[in-house]
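> Whatever this is, show me its structure:
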Amino acid sequence: MAAAFYDNKPALSIVLPKPSPSSTYNNLTLSGHSLIYSSAHQACMLQPSSLIAGQVAAVRRIDCLSGEGVHSVCAIPHGETGFVVMATDGGVQVWDKPGLHLLFQWSFPVSDANSSGSSPAAQQALTESETHVRHQLFARSSTILLAADGSANICFGASSGDVHVLQVDELGRFQGPSTFHHHKAPITAMGSAYQSRHGRTAEDVSPLLLTADESGVVIVWKADSAESYKVVRTLGSATVPATSIAIRKDCAIVARLDGSVQVYGLKDGKLRAEIAAHSRWLTCMDIHPLKDIIVTGGEDGMIAVWMLPVGGQKAAVLLSTVWMHATVTGVAFCGPTFDDVAAVAFDTDELQLFKLLLPS
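All right, here's what the predicted structure looks like:
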């Protein structure tokens, strides 16, 4: 693939209404033609095609019905349809693709504190303890994959380290979730080839799931069905958390908090390449659904597009620009051919949009 470079200056700088994007990482996602970011207790959706420089963007808000804090919002593509998953303090909410209707809601279970044989004081102490544990649990990150049996599985992580899996049938009905235990630390990121391809079929789409946790562990799972997930291998031995992960061809793309992007072989688990992408925390990454390129953002204010060293390509920088005095927390490919790059920053009422350089 011939390299196509980006203009280092934003083509558009859009004013966002308050409240501004929150500090959660990977805080920008593309749902159809809409960009979505989270802000405290809600998700905010806007259309890039309707943006006008210097004007306040028209944003439609999706309120978290339970009033809980939003830890991540992710567009879940699936063929012609799709979903928006909000991972919150208490569980997950699955909305339709436009974000108009809540389709499914699930909360972390709390065991019955009012067991027989306990004194009122003991019951009260148990209830307070369970309430404390309940409030410690939160959901974070989500993705979709096609299991080996052909079922569509929406996966989401938890602060307990558990991986939860919902099955979506042909009629859009949800079953589950099933729960799988292996991680010992809170989940930070999830990914699959089907998610990376925006719900399109491709040669690299497989029933493999990537999950990462705060200890730096990245696990490859094979999904036989929504009820059967098996650990295939662990990637690397890093102790730095992964903030974003994706699959492209036969490789796992792992963006880590220390600013590096690592490329692992899915079959052998070996590190094939590493990109020193950022000088400070790497907070977000997105992968192009059709091209072997990624965009990253970080605490250093840098926004960069990289050609991935996969499929015989060499790593190359296609965009490198700095958003002064900003902590970039969300980046996403968007536009008619997914070649535009959008970025948002924490506590900044602005969205920047970058475009490819026109041929001279």
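
> going forward, measure contacts and count neighbours with C-alpha atoms only.
Noted.

> Show the residue spans covered by the helices in this protein.
Using DSSP state H, the helices assigned to the chain run over residues 120-136, 193-196.

> Which neighbouring elements make contact with the last one?
The reference is to helix 193-196. Here helix 193-196 touches strand 139-146, strand 242-248, going by 3 or more C-alpha pairs under 8 Å, 6 or more residues apart in numbering; DSSP states H and E.

> Which one of those strands lies nearest to Gly199?
strand 139-146 (8.3 Å; C-alpha to C-alpha).

> what does that closest one rub up against?
By C-alpha atoms under 8 Å, 6 or more residues apart in numbering, the residues outside strand 139-146 that reach it are 71-74, 76-78, 85, 87-92, 152-159, 187-195, 206-209.

> try 6 Å
For strand 139-146, the external contacting residues (C-alpha atoms under 6 Å, 6 or more residues apart in numbering) are 71-72, 87-88, 91, 152-158, 189-191, 194-195, 207.

> do the same with stretch 274-285
Here stretch 274-285 makes contact (C-alpha under 6 Å, 6+ apart) with 25-26, 244, 257-262, 295-300, 329-330.

> Ok, stretch 221-230 next?
Contacts of stretch 221-230 (C-alpha under 6 Å, 6+ apart): 147-149, 167, 178, 207-209, 231-232.

> go again using 7 Å as the cut-off
Applying C-alpha atoms under 7 Å, 6 or more residues apart in numbering, the contact partners of stretch 221-230 are 147-149, 151, 153, 165-167, 178, 207-210, 231-232.

> top of those residues by neighbour count?
Of all these, the most densely surrounded is Leu209 (28 neighbours; neighbours counted as other C-alpha atoms under 10 Å).

> pLDDT weak spots in the protein?
Applying pLDDT under 70 to the chain picks out residues 1-3, 111-136, 359-360.

> With respect to Val15, which of the contacts of stretch 221-230 is nearest?
Among the contacts of stretch 221-230, and counting by C-alpha to C-alpha, the member closest to Val15 is Leu210, at 35.1 Å.

> Next up, the contacts around that closest one.
Contact analysis of Leu210 by C-alpha under 7 Å, 6+ apart lists 190-192, 218-221.

> Taking those together, which two end up most distant?
Spatial extent of the contacts of Leu210 (C-alpha to C-alpha) is set by the pair Ser192 and Val218 at 12.6 Å.

> related to what we said a few turns ago, is it possible to export the contacts of Leu210 to TSV including distance to Ala277 and neighbour count?
Shown next, in TSV, are those (distance: C-alpha to C-alpha, whole Å; neighbours: other C-alpha atoms under 10 Å):
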residue	distance to Ala277	neighbour count
Met190	20	27
Gly191	20	27
Ser192	22	29
Val218	19	27
Ile219	22	20
Val220	24	23
Trp221	27	19
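
> re the thing from before, I'd like the helices and strands packed on helix 193-196 written out as TSV, with mean neighbour count and distance to Trp106 added.
Conversion of the helices and strands packed on helix 193-196 to TSV gives the following (neighbours: other C-alpha atoms under 10 Å; distance: least, C-alpha to C-alpha, whole Å):
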stretch	mean neighbour count	distance to Trp106
strand 139-146	28	10
strand 242-248	28	24
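
> Which one of those lies nearest to His41?
Judging the helices and strands packed on helix 193-196 by C-alpha to C-alpha, what sits closest to His41 is strand 139-146, at 13.8 Å.

> residues touching the nearest residue to Leu318 once chain neighbours are set aside, list them.
Distance criterion C-alpha to C-alpha, 6 or more residues apart in numbering; nearest residue to Leu318, sequence neighbours excluded, is Phe5 at 4.6 Å. Taking C-alpha under 7 Å, 6+ apart as the criterion, Phe5 is in contact with 318-319, 356-357.

> can you rerun that using 10 Å?
Shown in contact with Phe5 (C-alpha atoms under 10 Å, 6 or more residues apart in numbering): 305-306, 317-320, 355-359.
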